[in-house]
Each structure stands twice: as structure tokens, then as C-alpha cells.
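In: sharing a sequence plus its predicted fold:
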Amino acid sequence: MKQSNNETIIFTILSTLLLAYLWIRAYSVPITFDEAATFFHFVHRGDFWFFNSLPDANNHFINSLLTYISYHSFGSSKLALRLPNLLSAIIFLYFLFRISLFIRSMSIRWIFILSIMFTHYFIEFFALSRGYGLSMAFLFGVLYHLMKFTTEKSIKQVLYISMFLVLANFSNLSLLVLSTAIIGYQIALLFLTNNNSIKTKLFLFVIIILLEILPLVFAVYYMLYLKDLGSLYYGANSGFWSLTVVSLILLATGTKVAIFKVGVIIFAVYLIVALTFLIWKNKLQALSRPLLIIPILLFATIIGIVILTEIFGVNYPEDRVAIYLIPLFFGSIVMVSDSLISSIGKNYIMIVTLPLLFLPIHFFDSINLQYVNGYKTEVVPERFYETVVNNTNNHDEFPPTIGGYRMRMFCWTYMNFRNGGTQNLVDYQGYPDVLSDYQIVDADEHPEWLNYYDVIDTEDVLGRQLLKRKRESDYELVRSNKIDSTIEISQNEYYNLAEWNTDTLTGQALLINIELNIHSPEVPFHAWVVMHVIDDNKKNIEYKNIPFDWLRTKWGKGDNRFKHSFLTSELPANSSLLKIYIWNIDKGIYTIEDAKIDLFKIVPPTIHPAI
């Protein structure tokens, strides 16, 4: 564990440059769907506690908690929401360097540092408001102190391992298999290679039970709770290689070409043979060799993942959910290689590890301030929002309707929230439609769009387009409802704004314009305006909502009018009733000063053939 001052200086310079890049990314890269979903579902209302919040795997608890603190301290900017992960990058880099010092060969040590520090897909999570970056920082803390534990089996090391393990698990529940392997390894070290007294061993074991195993059991219980509710939706059971490994190859290298798949297979065979040799050579003492901890944990984790899927039906992890396998795999190659130098020779070992330098080279090809590799398909440039706002002709008019795929919805909602919540939300439930005034789409998926829309902007990453109607739709007012008197509502869960029979509206697509002068002391005001169409048997036909707290935090007296619209698809023949109402989810207090709800039939759009 020796290093020169020059190495420390070089690492500090590289770390400073990397941190600067991450901060610039955090400021510049558009918000992703998952980040915005975390903000609106968990952070904005502070509703992220286990079993009480929305049961969804998107809630990375430690990330939600720290983002909530950052939001209330610094606001809702991208940089403020991403601040906890940015700061965790410092923890990560510190432990990366400390772990590297276990590697005796300076050349191999720097291959380890550079391959992990400059894997772009891995490192960019430290500039996002998700739990992945946080969990990697804490995981590296666990690994470092576990390596220290091989020679210093003290309460201090156990406490450090316990603290970082709990933080890592509750930052990202996908680490539970790895965490089980870590605890098992720690216990094996304690009882099989420890010369301490039985009393000391039992004391340390009790600490492990209380501070590591019990929190792990709670995390597993919560994960099974999510699974029972269908909230562990990411991944599939299509195979560890075809799903987990191939998705990581794509995101780490930017391509699925065969040479990288072959390379992973060669490295895997190398690790199996080399690790088997080292364990055979060192027998039980192999457990006490710090450099063998990461490779043993890698294989134990892979075996655990396969067992969970094949026996218990848990999905194989995919791309970012399996991100922890990236440093484990690269670390295993380097540390096994360093362990073999005395047996094989440094020159041969260098040949094995040199391919990892592709990763820092690829890093410079991946540098960008526009997108996140794992979320490319969700990019919605901020200029799209600005274009729609600037093209709204009259402040007194209702904002235009926006159509698009579901994964664009939260990105747009966040931009709208940051700009006062004046625009309509993306209507993803009607996708694909030709009724919305604007579309955020891939026009190639539905070329017929170009019969009704003009392309007015194209983003630079995947060519997603902002479309605007060639001609504004025509509307015919068919129903209207007004509320002229002040209505004070306290603790009522539902309040009807309008209710119409739809027997004369079947076969028609509708536009509902809703204008409310509403205010509430609740901050944020957790309520929805709902448009609900049901059939004769009171079964749902169409259900859409606009949450007040997705538009603005405060709905105090003053210029806080709710002025938004719903579109419906063509109502089927069995439609019976259309209701517009407020769902007061938290049963808070609010007042409606006046309201107007207008129902329009949409005249079928005229086709204008694309030229």
C-alpha cells in the first residue's frame, strides 16, 4: 500500500477535472424521466418513507431523502436536485484511490484507476438525482474497509462496513445480492481466519447481526413487498448473458460488436482459471488476501443473481440496475492479475490488463452535455418547451395541447414546473394521436403524422422532433358549466366540477377546457383535477389527471389560476358519463372562487399530404 507523492498529485488533478465535468453535466444535461419522477412522486411532497409512499422501485430511499434536503435548501434546479450525488463522487474517488493502493504494481494500479474513473456510463450517474451514484460511493467504502478487515478485525472496521453497507443498500436495493455476499464473506473472515478470542469474535458477530443482517432483512422484506405489488418492473428473465451482460457491454463501450462480447468471455474464463489457481495455491488464506475479495464477491453475486431468477422468479438486472457489476468485473481483472505477477511475470500480466485502457479512450468519445447514455430515448431539449411557450399566441388563450410517448411526460412536466406550470402536460395516454396541437415524437414511427403536422425542431441526439399542426383544429362548443360563487372545501375528498351524459357525444373526440380560480393553504397542494369517462356499468373508459403539485408548489391567493385542458379519444358507443372533478387526495383545505368548464367537439382534422 505504497504510493508516491506524484501519484497522489496526478490523481488529485484527474479527480478535480472529473468533478468539474460532472458539475457541468449536472447543470447542463436535461432532466431524465426517472429523476423527474423521483422529484414529483417522492421529493416534492417529502413522501418517500417505506410503506407510506408510492410503492415503486424508483424511490431510492437515501437519494430521495438527501434530494429532499437539497431541494428545501437550494430549490428545484437540476443542479440542486443532483447535488447529493455530486458530493458523493468525492467519497467515491477517495475510496477508489485508497482501494488502488492495495495493488502492488503501479502500472496495474493506474489501469484500475483509469478504467473505473473514466467509464463514462458508470461515472455519469454521479451527476444524476438517482441512487446509483450514491450506492457506488458507499459500496467503494464497504469494499475498502472489508479489505482492511482482512488484517484489522476490529470493531472500527465492522462499524465502517456496517454504515456504508446500509447506506449503499438503501440507496439502491439492487445491491441486496452483493450485500448478502459481502456479509457472508465478512463472517467467514471473522471465524475462519481470525486469531481473536471466541468472546471477541462473538461480540463482532453480534454487531454484524444488528447493524448489517437486520437492515438487510428489512430491505429484502421491503423488496418482496414491492415485488408483490408488481413494482419491480425493470429487467426480465431472458438470461444473464443476453440481458444483463450484453446491456452492460452496450452502455460501457457504446456498441454491441462481437469483439467486446468475445473479450468479456475471454476475461471471464481468465478470471475463473486464475481465481481457482490462487485459491488452490493459498487454500484458506485466500480469504485473507485483500486482492481476492472483489473477484470472489463478483462470482458469488453472479451465482446469487442466477439463483434468484431461476428459482424465485426475480428478474435478471438490466443496464443501470446491474451497474455495480462494472467495477466488480474490472476490479477483478486487475486484482487477480496483480496477484499473479509473482507466478507469471509482469510483462505477461500487462498484456492481459492493457485492453481495459479502451475505457478511458472511449470516455473522450462519449463526453457530452446533452444526454445520459442510459436515458437517451427520453431526451426532451429545453428549447422544445421554450418554442411551445413562445408560439402561444395570446396569454388569455388556453395553452396548446401536447402529445407524446409516456417517457417524455415527466421531463416536460419538470420544465413546466420550473417555469410556473402554465402549459398543459404531455398527453401520453392518447399516444399516438393526431389531435394534439404539438407532438414530441419520433416521426419515423408514424409517418402519417406528417400529413397533419410540420416539423419545427429536431433534437441532436436521436433526432426526436417537435411537431406543430399544419392548421389549428376546429372546435364546436357543446356543453358548459360555470361556478360563480365562492366555495370553501375542507376535508372533502371529491368535488364535482361538471358531469355530462355522453349519449349524444359517442364517436366524437372531445376537448375540455378547465379554468379555476383556486387557492389553498396546503403546501404543496396534493390534489388532482380528473377527467373520467365511464360506461353504463360504471367501468373505466378513459381516465386522465392533472396534479396541482406538478404545476406549482403554492396555490395561494392571487394570480394562481388553473387553466388547462384534457383531450379524449373518440368516445365508444358504450360511453355513458363524463365527469370532471377535483380529487383532494390529502383531504386538505381549498377554496374555489370561480370556475368554468367548456366541452368542445373536435372537428376531424383535415389531411394535408406531406410534401
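Out: Nice, thanks for sending it over.
In: only C-alpha atoms from now on, for both contacts and neighbour counts.
Out: OK.
In: may I ask you to confirm that Leu146 is in contact with Ile187?
Out: No - in this structure Leu146 lies outside contact range of Ile187 using C-alpha atoms under 8 Å: 10.9 Å.
In: more neighbours, the two?
Out: Set side by side, Leu146 and Ile187 show more neighbours around Leu146, with 25 against 17, by other C-alpha atoms under 10 Å.
In: any idea how far the more buried one is from Gly184?
Out: Using C-alpha to C-alpha, to the nearest Å, we find Leu146 at a distance of 12 Å from Gly184.
In: who's in contact with Gln186?
Out: Leu146 (C-alpha atoms under 8 Å, 6 or more residues apart in numbering).
In: which element is it on?
Out: Using DSSP states H and E, Gln186 maps to helix 176-192.
In: how about Met531?
Out: According to DSSP H and E, Met531 maps onto strand 528-535.
In: tell me which other helices or strands the helix or strand hosting Met415 touches.
Out: Using DSSP H and E, Met415 maps to helix 409-418. Judged by 3 or more C-alpha pairs under 8 Å, 6 or more residues apart in numbering; DSSP states H and E, helix 409-418 is in contact with helix 33-38, helix 382-391, strand 426-427.
In: among these, which is the most enclosed?
Out: strand 426-427 (a mean of 25; mean count of other C-alpha atoms under 10 Å).
In: partner strands of that strand, with direction?
Out: strand 402-404 (parallel) (DSSP bridges).
In: about what we covered before: moving C-terminal of the strand holding Met531, what's the next helix or strand?
Out: Next helix or strand after strand 528-535 toward the C-terminus (DSSP H and E): strand 540-547.
In: next one: the helix or strand following that following strand to chain centre, how far?
Out: Per DSSP H and E, strand 540-547 leads on to strand 561-567 as the next helix or strand towards the C-terminus. Strand 561-567 sits 29 Å away from the centroid of its parent chain (C-alpha atoms, centre = their mean, to the nearest Å).
In: direction included, what does strand 561-567 pair against?
Out: strand 510-519 (antiparallel).
In: need the residues that contact the strand it pairs with.
Out: Strand 510-519 is contacted by residues 398, 475, 555-557, 560-570, 590-602 when judged by C-alpha under 8 Å, 6+ apart.
In: would you mark the buried spots in the helix or strand encompassing Ala268?
Out: Applying DSSP H and E as the criterion places Ala268 in helix 258-282. For helix 258-282, the buried set under the neighbour-count rule, 16 or more other C-alpha atoms under 10 Å, comprises Lys261, Val264, Phe267, Ala268, Tyr270, Leu271, Ala274, Leu275, Leu278, Ile279.
In: ok, these vs Gln157, which is closest?
Out: Using C-alpha to C-alpha, Ile279 comes nearest to Gln157 of those, at 24.5 Å.
In: separation between the closest one and Glu152?
Out: To Glu152, Ile279 is 21 Å away according to C-alpha to C-alpha.
In: could you pull up phi and psi at Val43?
Out: As for Val43, its main-chain torsions (degrees, to the nearest 10) stand at phi -80, psi -50.
In: ok, it - contacts?
Out: Ser64, Leu65, Thr67, Tyr68, Tyr71.
In: how about 7 Å then?
Out: Residues counted as contacts of Val43 (C-alpha atoms under 7 Å, 6 or more residues apart in numbering) are Ser64, Thr67, Tyr68.
In: top of these by neighbour count?
Out: Ser64 leads the contacts of Val43 on contacts (other C-alpha under 10 Å) with 29 neighbours.
In: from the contact counts, what lies against the helix holding Ala268?
Out: Secondary-structure packing of helix 258-282 (3 or more C-alpha pairs under 7 Å, 6 or more residues apart in numbering; DSSP states H and E): helix 325-344.
In: buried ones in the following helix or strand past the helix it packs on?
Out: For helix 325-344, the following helix or strand on the C-terminal side (DSSP H and E) is helix 346-353. Using 16+ other C-alpha under 10 Å as the test for burial, helix 346-353 gives Lys346, Ile349, Met350, Thr353.
In: now do stretch 502-509
Out: For stretch 502-509, a neighbour-count test (16+ other C-alpha under 10 Å) marks Thr502, Leu505, Gln508, Ala509 as buried.
In: closest to Ile198 among those?
Out: The closest of the buried residues of stretch 502-509, once distances to Ile198 are taken by C-alpha to C-alpha, is Ala509, at 76.5 Å.
In: wait, isn't that closest one in contact with Pro572?
Out: No - assessed by C-alpha atoms under 7 Å, Ala509 is found out of contact with Pro572, at 9.8 Å.
In: quick one on the thing from earlier: looking at the contacts of Val43, spot the one nearest Thr193.
Out: Ser64 (39.4 Å).
In: can you tell me how far the closest one is from Phe51?
Out: 14 Å.
In: cool, Lys148 as well?
Out: 36 Å.
In: for the two, indicate the residue with more neighbours.
Out: Using other C-alpha under 10 Å as the criterion, Lys148 and Phe51 rank with Lys148 on top: 19 against 10.
In: let me know the angle separating the helix or strand hosting the more buried one from helix 325-344.
Out: If you go by DSSP H and E, Lys148 is part of helix 131-149. On the basis of axes from the mean of the first three to the mean of the last three C-alpha atoms, to 10 degrees, helix 131-149 is oriented at 30 degrees to helix 325-344.
In: show residues contacting helix 131-149.
Out: 60, 63, 85, 88-89, 91-92, 95-96, 99, 125-126, 157, 160-161, 164-165, 167-168, 171-172, 290, 324.
In: report the buried members of those.
Out: 60, 63, 85, 88-89, 91-92, 95-96, 99, 125-126, 157, 161, 164-165, 167-168, 171-172, 290, 324.
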